[in-house]
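[1] pasting a predicted model and its sequence here:
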Amino acid sequence: MLRKSLVLPTFLVAAMAFAAPLSAQSEPSASPTAAAETTPAVDPEVDTDTLAIQLDPLTRDEIQSTMERWFEQLRITSGKVAAAEIAVRQGSGNRTELTQLRDQRDQLLKRFDVILKAYEVKGGDPSQEKAYAAAVAGIKSDPKDIGSFLHDTQEWLRSKDGGIHWLFAALQFIGIMVVFWFLAALIARLTERALEKGSHLSGLLRTFIKTWIRRVVVIVGLIVALGTVGVNVGAALALIGGGAFILGFALQDTLGNLANGLMLLINRPFDVGDAVEVGGVSGSVVSVSLVNTTIRTWDNKKVLVPNKSVWGQTITNITGMPTRRVDMVFGIGYDDDTDLAEEILRRLVTQHELTLEDPAPQVELHELADSSINFICRPWAKTSDYWRVHWDITKAVKKEFDAAGISIPFPQRDVHVYHENAARLDSSESSEKPA
């Protein structure tokens, strides 16, 4: 019984040991077939997206095999194109056949470029194949043969990869940019409405945010449009990133202005429409960008002050407060009645409709100057009424002083002249007289 029970397990172990080599021998024979099935065939009509998807799961060696087969087909087709061009120039060829061969070559080149990119991503070096593809691409026309040149130009304009392709690419580019332009305007308008609800934001900051949101949307649209028409945007961005250090060194003053512009927008020392004195310029603020501050002077000149000069120096915001004190000085003669003059000044200040009762105006005898007795007159007014109050009171003081007989003296100086020579002459004559 024990022998019978051991026969079946022993038989199964022997069968498995015998079957293992057979399966190991059968696997290598199946791998070439599987690889051949997964490698895409040379089909000039295959869609480029489909070809790229077919290449994704392949290894570098498999893609290299595919590339070699497509390269050979491209070489054969390019040879046919060259032979047809020679025949056309010699007058024995068919231009229609040449055009068809060029179309076939262009289709192969477009798919071949997809394969080269996939091969390069997997670690291959397709530099020689790229050089060959660039050499055989395009239409080689003889400019001396006007008829051939015109025909080649017409064929290029009619070809799917020539004029028609670039026409649709241009229309597509313009369409995308127009869409993003209107989208940027819409987003900027919605942003402006949202920012208007936040009263804590200055007008400068709201304008800055709205402007840069619009610019960013337009830049995104430009990147999308360039990528759609076949421009390698990634390479351009990588080039810009590589040169960022050099650009930063060359534009250090501009970057300094940019940093100072951000400080102005964040700290808000002034807003649009404020009267300021910055960087040696006095006027009204028009706008603040990341580089400079635009000021309109009082005589209507537009001045651009670098933000570095604005933030790095003293900023005087003339209209930063709702009220201002109007400082005026009036002088009277030493022979005039000081009490009467003070009474006139107080009356004119308190009776003016634009002066404020709180803070109370100040009128005091301030100084005994060289040529006059000076009174300070300091009423308070709204900032917007500053010059109106100053001009009205100055005019009224002149009229009231004239009516009251109070003089407004001008600077004067008494000069005493001593004749030194005459004094000496008189002394000498007196000494010569006989006693």
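    That came through, no problem.
[2] going forward, measure contacts and count neighbours with C-alpha atoms only.
    Will do.
[3] which stretches of the stretch 151-300 of the chain aren't confidently modelled?
    Scanning the stretch 151-300 of the chain for pLDDT under 70 picks out 151-165, 198-204, 233, 235-255, 257.
[4] what about the helices in it?
    In the stretch 151-300 of the chain, the helices defined using DSSP state H, counting those that start in this stretch lie at 163-196, 203-228, 233-242, 244-250, 252-267.
[5] for W298, find the nearest of these.
    helix 203-228 (20.5 Å; CA to CA).
[6] could you give the separation of that closest one from the chain centroid?
    The gap between the average C-alpha position of helix 203-228 and the chain average comes to 9 Å, counting by CA atoms, centre = their mean, to the nearest Å.
[7] hmm, back to that, with mean neighbour count and distance to R111 added, can I get the helices of the stretch 151-300 of the chain in a markdown table?
    Formatted as a markdown table, the helices of the stretch 151-300 of the chain follow (neighbours: other CA atoms under 10 Å; distance: least, CA to CA, whole Å):
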| stretch | mean neighbour count | distance to R111 |
| --- | --- | --- |
| helix 163-196 | 16 | 16 |
| helix 203-228 | 18 | 17 |
| helix 233-242 | 12 | 20 |
| helix 244-250 | 12 | 35 |
| helix 252-267 | 18 | 45 |
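[8] wait, which of those is closest to R378?
    Of all the helices of the stretch 151-300 of the chain, helix 252-267 sits nearest to R378, with 31.7 Å by CA to CA.
[9] circling back to that earlier point, columns distance to A369 on top of the helices of the stretch 151-300 of the chain, output as TSV?
    Putting the helices of the stretch 151-300 of the chain into TSV (distance: least, CA to CA, whole Å) gives the following:
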stretch	distance to A369
helix 163-196	54
helix 203-228	47
helix 233-242	69
helix 244-250	58
helix 252-267	44
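[10] gap between P322 and R60?
    Using CA to CA, to the nearest Å, P322 is found at 75 Å from R60.
[11] got the buried residues for stretch 291-301?
    By neighbour count with 16 or more other CA atoms under 10 Å, stretch 291-301 contains the buried residues 291-297.
[12] and if you look at stretch 75-83?
    Neighbour counts over stretch 75-83 (16+ other CA under 10 Å) mark 75, 77-78, 80-82 as buried.
[13] inside helices: which ones of the residues you listed?
    Within the buried residues of stretch 75-83, residues falling in helices by DSSP state H are 75, 77-78, 80-82.
[14] for P379, state which of these is nearest.
    Of all those, S78 has the smallest distance to P379: 93.6 Å, by CA to CA.
[15] who has more neighbours out of P322 and R60?
    R60 (17 against 10; other CA atoms under 10 Å).
[16] the more buried one against P126, yeah?
    No. Contact criterion CA atoms under 8 Å: R60 and P126 do not qualify, at 11.5 Å.
[17] overlap in contacts of those two?
    Counting by CA atoms under 8 Å, 6 or more residues apart in numbering, the contacts common to R60 and P126 are Y119.
[18] take the ones in helices among the buried residues of stretch 75-83 and write them to JSON lines, including distance to L51 and pLDDT.
    Shown next, in JSON lines, are these (distance: CA to CA, whole Å; pLDDT from 0 to 100):
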{"residue": "R75", "distance to L51": "20", "pLDDT": "88"}
{"residue": "T77", "distance to L51": "20", "pLDDT": "87"}
{"residue": "S78", "distance to L51": "21", "pLDDT": "87"}
{"residue": "K80", "distance to L51": "25", "pLDDT": "86"}
{"residue": "V81", "distance to L51": "25", "pLDDT": "83"}
{"residue": "A82", "distance to L51": "27", "pLDDT": "84"}
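[19] done for today, thanks.
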